[in-house]
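Chemist: Okay, sequence plus prediction incoming.
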Amino acid sequence: MTLTPQEVKRRLDAGEPLRLIDVREPDEFALARIDGAELVPLRTVGRAVNGLREERRPLIVFCHHGLRSLQVVSWLRQRGLGNCFSMEGGIDRWSLEIDPSVPRYF
């Protein structure tokens, strides 16, 4: 149900088509973002579920530290979307381990 940032990066570098879903709030997204990620704030996931259900690419869901994204992935899987994963540690861990140009915030 989870992938590490290193696993996500490895899959992206291998050319695997992934859909990156950022479930943070717009003000958080304005502070820091991962290139290519799509903002779908947590409060709007319910409205977006049908579009996500049609997606063929694996969904990589992330937030600030990984808690909200894990809740979203659990919720999505309960609704039949098995090809989704929460990125462990969220964008904060991505910044620490993958891309230090992504600002950290607290």
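Modeler: Now that the structure is in, tell me what you want to look at.

Chemist: tell me the contacts of the residue lying closest to Gln71 once chain neighbours are set aside?
Modeler: With CB to CB, 6 or more residues apart in numbering as the criterion, Gln71 has its nearest non-adjacent residue at 7.9 Å, and that residue is Leu42. From N, CA and C alone the C-beta is placed, and that goes for glycine too. Neighbouring residues of Leu42 by CB atoms under 8 Å, 6 or more residues apart in numbering: 23-25, 63, 68, 71-72.

Chemist: Out of those residues, flag the one nearest to Asn50.
Modeler: Val72 (15.0 Å; CB to CB).

Chemist: who are the neighbours in contact with that closest one?
Modeler: Contacts of Val72 (CB under 8 Å, 6+ apart): 21, 23, 42, 45, 61, 63, 86.

Chemist: May I have the distance across stretch 79-87, first residue to last?
Modeler: One end of stretch 79-87 to the other measures 19 Å (CA to CA, to the nearest Å).

Chemist: scratch that, stretch 99-106
Modeler: This stretch, stretch 99-106, spans 17 Å end to end (CA to CA).

Chemist: Stretch 57-69 too?
Modeler: First residue to last in stretch 57-69 (CA to CA) measures 17 Å.

Chemist: Kindly report the same for stretch 77-97.
Modeler: End to end - CA to CA - stretch 77-97 spans 27 Å.

Chemist: That concludes my questions; thank you for your assistance.
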